[in-house]
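> model this:
(chains A and B)
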Amino acid sequence: MRYMALIYGDSALQAAMNEAELQAQMAAYNAFTEELTRRGGRVGGEALHPTTAATTVRVREGKVLTTDGPFAETKEQLGGYYLLKCENLDQAIEIAAMIPGALTGSIEIRPIVEWE
Amino acid sequence: MNSEKQPIVQTIEHIYRQDAGRVLATLIGSLGDFELAQDALQEALIVALERWGQDGLPHNPAAWLVTTARRKAIDKIRRNNVFSRKQTLLQTLVETETYEEITSCPETFPDERLKLIFTCCHSALGIETQVALTLHTVGGLTTPEVARAFLVPEPTMAQRLVRAKRKIREAGIPYVVPPPDKIAERLEGVLAVLYLIFNAGYTASLGDSLQRRELCAEAIRLTRALVMLLAQTPSSGEEPEAPGLLALMLLHDARHQARTSPQGELILLDEQDRSLWDKNQIEEGVAILERALKLHRPGVYQLQAAISALHCQVARPEDTDWLQISLLYHQLLKLNQSPVVQLNWAVAVAMASEPARGLVLLNELDDKGSLKSYYLFHAARADLYRRAGDWQAAHAAYSQALSLTQNVVEQTFLQKRLAEVQTKLFPGGNDSLR
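Below you'll find the model as predicted:
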């Protein structure tokens, strides 16, 4: 099965990190990505710029409406994702628990719809 | 209903209650789908009603149901063969199916209920869903029965069960016994579900439906099966907490006859008629507990069972070994910091020494504030004040407890105590309070 692991975290916390902390975080993500690739579980994954760089688009009555930032103000924002290939949910949970962001934020695991 | 058919309906109901969990566990194993398995079993039961009524019972009804349901599932997949991903499954199913006469189906089939239990109690499902699904699939309770037991409208329960089965399929919750390194952790979740089922039955008051009381028996039946299945699974190692929970349930349940008066009033431990306790069940619970304790890995259920065993094994309340009980509660506190355990610990300390010491501990708890709205906290304080002869404080605490419970049985009990305290407060009559 394929699962999307959505990484949610507090972007204020992220913004407050100093250089050393950022580097440590980067190293942790690199190590995780490497391990995931080694296990053959990595289909894809990217980090996202913070929500301050986000634009929300809606089309209403034929008009394109854009607004600054994300739609809802929540404490945790989507910061990145991994697309995983796993046997089952237990394996996906095991892998999600290894994502560095799980220590401070949360990981949402969503199974991918496989069209047949 | 045809009167000749009546016995066969009852027989089928009985067999269903007895074997549904095992039959379903096997079907889910080979079909890989909860809903398909349950639908197929329903259809097999309809066939059973016809055939068994005419030809009599097959040699092994459970195995007959597995075979028939599997064939029904094959038919169903064939009918809906648009679902291409089921094609490979169909292939395997047809290959394993020998198409012998149904009367000569296998004598035995493996017991896969442990997989079913771990799947139903997966933490990716909500706790209420875990409880309902376990009762429904492993326990073989019908949807209306589960709904009545949890005082939920039937359509709500039906929807909850459908959603649960869908989540298991869509999210890919595996149908397996967890690997050895995960089993202890996962077992904790399973035991929590079983204990919840038991407690739902145990706290049911007289006004509640009979089904609720039966949840105790059901929880014991399920835990018994779990203990047996774990013992048969070498990879699970020896897990003392499962038998610990079974012992706890047996010891609690052994006293249920004595817990309420014929009028439905609550009777506390020290006022219970101990001849009403089920001695055989106590003996069994103690024996199971002793075997578990020999593994020297105490846990919350073993400790609570040990406390219960100490209560169960004395003929008179004044012989209770409160010192030992307070020590066990103290050990329990190290594993479970919950305010309720602290409350029980304080009461045990008071009983082992004097009410004043317990009251000091309780008042410390009161400062933390987490128990202020808990009726048992105020009832316990009231009881210690009563034992200490502080009628004024006892009166205030009983009144507070009374304002915090909706349960009629508990209310009646507190009112009785309140009346007793009032006669102490106003020995010459209580006109002033009218």
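> Let me know the next secondary structure element after the biggest helix by length in chain A.
Using DSSP state H, we find that the single longest helix of chain A is helix A:19-38. Following helix A:19-38 in sequence order, the next helix or strand is strand A:42-47 (DSSP states H and E).
> Buried residues, that following strand. List them.
For strand A:42-47, burial by neighbour count (16 or more other C-beta atoms under 10 Å in any protein chain shown) applies to A:42, A:45. All C-beta spots, glycine's among them, are computed from the backbone N, C-alpha and C.
> Quick one: distance of that strand to the chain centre.
9 Å (C-alpha atoms, centre = their mean, to the nearest Å).
> Stretch B:287-297 too?
Distance, stretch centre to chain centre, for stretch B:287-297: 21 Å (C-alpha atoms, centre = their mean).
> List the buried residues of it.
Of the residues in stretch B:287-297, those buried (16+ other C-beta under 10 Å) are B:288-289, B:292-293, B:295.
> What is the nearest of those residues to chain A?
B:L295 (26.7 Å; C-beta to the nearest C-beta).
> For residue 23, give me the pLDDT.
All of this refers to chain A. On pLDDT, A:Q23 comes in at 96.
> um, chain B though
Reported pLDDT for B:V23: 94.
> Just give the closest residue to it, not the sequence neighbours.
B:L65 (5.0 Å; C-beta to C-beta, 6 or more residues apart in numbering or on different chains).
> Go ahead and list the helix or strand containing that neighbour.
Using DSSP H and E, B:L65 sits in helix B:61-79.
> which non-adjacent residue is nearest A:E76?
What sits nearest to A:E76 in space, not counting adjacent residues and going by C-beta to C-beta, 6+ apart, is A:Y8, at 4.1 Å.
> rewinding a little: averaged over its residues, what pLDDT does the helix holding B:L65 have?
For helix B:61-79, mean pLDDT is 90.
> And it, what does it pack against?
helix B:5-31, helix B:34-55, helix B:86-96 (3 or more C-beta pairs under 8 Å, 6 or more residues apart in numbering or on different chains; DSSP states H and E).
> buried set for that helix?
Going by neighbour count (16+ other C-beta under 10 Å), the buried part of helix B:61-79 is B:61-74, B:76-77.
> before we move on, what about stretch B:8-22?
So stretch B:8-22, judged by 16+ other C-beta under 10 Å, has buried residues B:8, B:11-12, B:15-16, B:19-22.
> Test for you: state the pLDDT assigned to the nearest residue to B:H122 once chain neighbours are set aside.
Leaving out its chain neighbours, the residue that sits closest to B:H122 by C-beta to C-beta, 6+ apart is B:I173, at 5.1 Å. For B:I173, the pLDDT comes out at 95.
> quick one, what contacts B:I173?
For B:I173, the contacting residues are A:88-90, B:119, B:122, B:124-125, B:167, by C-beta atoms under 8 Å, 6 or more residues apart in numbering or on different chains.
> now swap in B:R417 and tell me
Shown in contact with B:R417 (C-beta under 8 Å, 6+ apart): B:382-383, B:386, B:398.
> right, and B:Y374 touches B:L404 too?
Yes: contact criterion C-beta atoms under 8 Å: B:Y374 and B:L404 qualify, at 7.1 Å.
> same for the lowest-mean-pLDDT helix or strand in chain A, what does it pack against?
Lowest mean confidence among the helices and strands of chain A (mean pLDDT, DSSP states H and E): helix A:11-15, at a mean of 86. The contact analysis (3+ C-beta pairs under 8 Å, 6+ apart) places helix A:11-15 against strand A:77-85.
> Burial check on B:A231, number of neighbours?
13 (other C-beta atoms under 10 Å in any protein chain shown).
> how near is it to B:V193?
Computed as C-beta to C-beta, to the nearest Å, the B:A231 to B:V193 distance reads 20 Å.
> Buried residues in the helix or strand that contains B:F413, which are they?
Following DSSP H and E, one finds B:F413 within helix B:408-425. Burial within helix B:408-425, assessed by neighbour count using 16+ other C-beta under 10 Å, is assigned to B:409-414, B:417-418, B:421-422.
> So which residues lie in contact with the helix or strand hosting B:L343, not counting its own?
Using DSSP H and E, B:L343 sits within helix B:339-352. Where contact means C-beta under 8 Å, 6+ apart, the residues beyond helix B:339-352 that reach it are B:320, B:322-323, B:325-326, B:329-330, B:332-333, B:356-359, B:361-362, B:365, B:368, B:370-371, B:374, B:376-377, B:380, B:383-384, B:387.
> Any chance you could give me stretch B:139-153 in CSV, C-alpha atoms only?
Extracted C-alpha coordinates of stretch B:139-153, given in CSV (Å, rounded to 0.1, in the frame of the first residue of the first chain):
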residue,chain,number,x,y,z
GLY,B,139,-18.0,-12.0,21.0
GLY,B,140,-20.6,-12.6,18.4
LEU,B,141,-23.1,-10.1,19.8
THR,B,142,-25.5,-8.7,17.3
THR,B,143,-25.6,-5.0,16.4
PRO,B,144,-28.8,-4.4,18.4
GLU,B,145,-27.3,-6.2,21.4
VAL,B,146,-24.1,-4.1,21.3
ALA,B,147,-26.3,-1.0,20.8
ARG,B,148,-28.5,-1.8,23.8
ALA,B,149,-25.4,-2.6,26.0
PHE,B,150,-24.0,0.8,25.4
LEU,B,151,-27.3,2.7,25.4
VAL,B,152,-26.7,3.9,21.8
PRO,B,153,-29.4,3.9,19.1
